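Colleague: Okay, here's the prediction I keep looking at, along with the sequence it came from:
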Amino acid sequence: MKKIIFEQVGNIILVLLLMVAMVQSVYSAHIEVNSPSISFELGLFWLLFLIWMVIFIMFRFLYGKKNKAYDTKKGEFSAEDEREELISKKATVITYKMMITLLIILLFLCFGLSLLLADIKLFQTIIIVAIGISLIVGFITYLLAWIRFDITI
Amino acid sequence: MIVINRVQIYRKQQKMTQEVLANKVGVSRKTIVSLEKGNYTPSLLLALQIAKVLETDIHTLFYLGEESS
């Protein structure tokens, strides 16, 4: 269970930083109307994202060395034995259903906002945040489903 | 129909801990705990391995039973 918590917490932090960094870049972007040039800043959050990515890769490597049940290539799909493989499969099915539902809602949200919003930067931000949150919800769903099945199976 | 097992009885007869049995068949102790509680039905391969370690046959260790309502 610890390996799944470790992996998913790391993934959530990664997506959160990426999401904020992207939004920061969207607001710093300057598009010339009469020329094809675009300029934007790679702000502090891009740096934090890269730092966390390096730290997380190192942590994963060290955790994989310490815990034989954790496979760095498989990540959250690491399984110590057949029971954990079953738990992983069941958690994946629940996450899949959750993600499909969320993406359908997101599709309608994008459609609605594209018709209603005139502010392009706000629209871009909403799309980035919505996709980022969907990913985080996916990670949390997998984590909670895994913990639940680990207790009941 | 459910699969009922006598793993705990045979393991205790062999004076074996859950940890030792788990190590001998290459699974976690949690899997043995879950199996003995009846929460988890093992694969045929694992069932055969457990039977071999506990020096009995698979039919003695695992059998079909009615689900209690």
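Modeller: In hand now; what should we look at? Numbers count the residues shown, from 1 in each chain, chains lettered A, B, ... in the order given.
Colleague: Identify the residues contacting residue 21.
Modeller: Chain wasn't specified; assuming chain A. Going by CB atoms under 8 Å, 6 or more residues apart in numbering or on different chains, A:A21 touches A:42-43, A:45-46, A:48-49. In this view, the C-beta of every residue, glycine as well, is placed from N, C-alpha and C.
Colleague: I was thinking of chain B, sorry if that wasn't clear
Modeller: Neighbouring residues of B:L21 by CB under 8 Å, 6+ apart: B:7, B:11, B:32, B:50, B:53-54.
Colleague: For the one helix or strand it maps to, buried residues please.
Modeller: Secondary structure assignment for B:L21, by DSSP states H and E: helix B:18-25. By 16 or more other CB atoms under 10 Å in any protein chain shown, the buried positions in helix B:18-25 come out as B:18, B:21-22, B:25.
Colleague: helix or strand right after it?
Modeller: According to DSSP H and E, the helix or strand after helix B:18-25 is helix B:29-37.
Colleague: Next, the angle helix B:18-25 makes with that next one.
Modeller: 110 degrees (axes from the mean of the first three to the mean of the last three CA atoms, to 10 degrees).
Colleague: is chain A contacted by helix B:29-37?
Modeller: Yes: interface with chain A: helix B:29-37 contributes B:30-31, B:34 (CB under 8 Å from any CB of the partner chain).
Colleague: Neighbour-wise, which one of those residues leads?
Modeller: Counting neighbours by other CB atoms under 10 Å in any protein chain shown, B:T31 leads these with 24 neighbours.
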